[in-house]
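# Any chance you could fold what I've pasted below:
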Amino acid sequence: MQNNKLRLIITIISLITGLGAIGTYIYFKQFKYYNCEDILQQVKSQFNNVETSYILHIPKTYQKFGIETKVVHGGISVTKNNKPIHYEFIADAFNGQVIDIYEV
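Model prediction:
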């Protein structure tokens with residue numbers, strides 16, 4: 001009888017621990033930062049004649065239309081008509097989606 005109670009307790013503790021581990025994995029996967037180099041490659045693919053590019057790997061808080069998120073900033077220089085043009089961009093740090101690109 002005591003052996004069955006011990007098995008039940010061990011089973012319950014194992015289930016709680018397993019569910020906690022799964023929940024933690026899902027939580028941290030959801031809030032994992034996107035690879036900055038992939039964001040930069042995505043932006044570079046939108047332009048021709050790229051001369052230089054950069055991205056800042058430190059996410060900062062950004063608010064637009066009442067929505068606050070973490071973003072990364074970067075820039076890219078291209079040549080158009082033998083004239084350099086510089087663009088800067090802002091991308092979501094969690095999913096890599098480019099929020100804004102503007103000419104400087």
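
# Now the element after the helix ranked longest in the chain, going C-ward?
In the chain, taking DSSP state H as the definition, the longest helix is helix 2-30. Remark: after helix 2-30, the chain's next helix or strand is helix 36-44, criterion DSSP states H and E.

# got the angle for the next helix or strand after that next one vs helix 36-44?
As assigned by DSSP H and E, the chain's next helix or strand after helix 36-44 is strand 50-55. Interaxial angle of strand 50-55 relative to helix 36-44 (axes from the mean of the first three to the mean of the last three C-alpha atoms, to 10 degrees): 140 degrees.

# Show me the strands paired with strand 50-55, marking each as parallel or antiparallel.
In the sheet, strand 50-55 lines up against strand 67-80 (antiparallel) (DSSP bridges).

# how far does the strand it pairs with sit from the chain's center?
Computed by C-alpha atoms, centre = their mean, to the nearest Å, the separation of strand 67-80 from the middle of its chain amounts to 14 Å.

# Check which element follows that strand along the chain.
That would be, after strand 67-80 and using DSSP H and E, strand 83-92.

# Parallel or antiparallel, list what pairs with that next one.
In the sheet containing strand 83-92, its partner strands are strand 67-80 (antiparallel), strand 98-103 (antiparallel), by DSSP bridges.

# What is the burial count for K80?
10 (other C-beta atoms under 10 Å). C-beta here means a position set from N, CA and C on the backbone, and glycine is covered the same way.

# Over to A93?
There are 23 residues near A93, going by other C-beta under 10 Å.

# Would you confirm that it contacts N35?
No: look at A93 against N35 with C-beta atoms under 8 Å: they stay out of range, at 10.3 Å.

# Domain boundaries for the protein, per the record?
What the record gives for the chain is the domain set 1-32, 34-104, from automatic domain parsing.

# and among those domains, the most buried is which?
Comparing the domains of the chain on average neighbours per residue, with mean count of other C-beta atoms under 10 Å, the densest one is domain 34-104 at a mean of 14.

# Give me the average confidence score over that domain.
Mean pLDDT, computed over domain 34-104, is 92.

# roughly how far is that domain from the heart of the chain?
13 Å.

# wait, doesn't Y54 sit right on H73?
No: no contact is recorded between Y54 and H73 when judged using C-beta under 8 Å, the distance being 9.1 Å.
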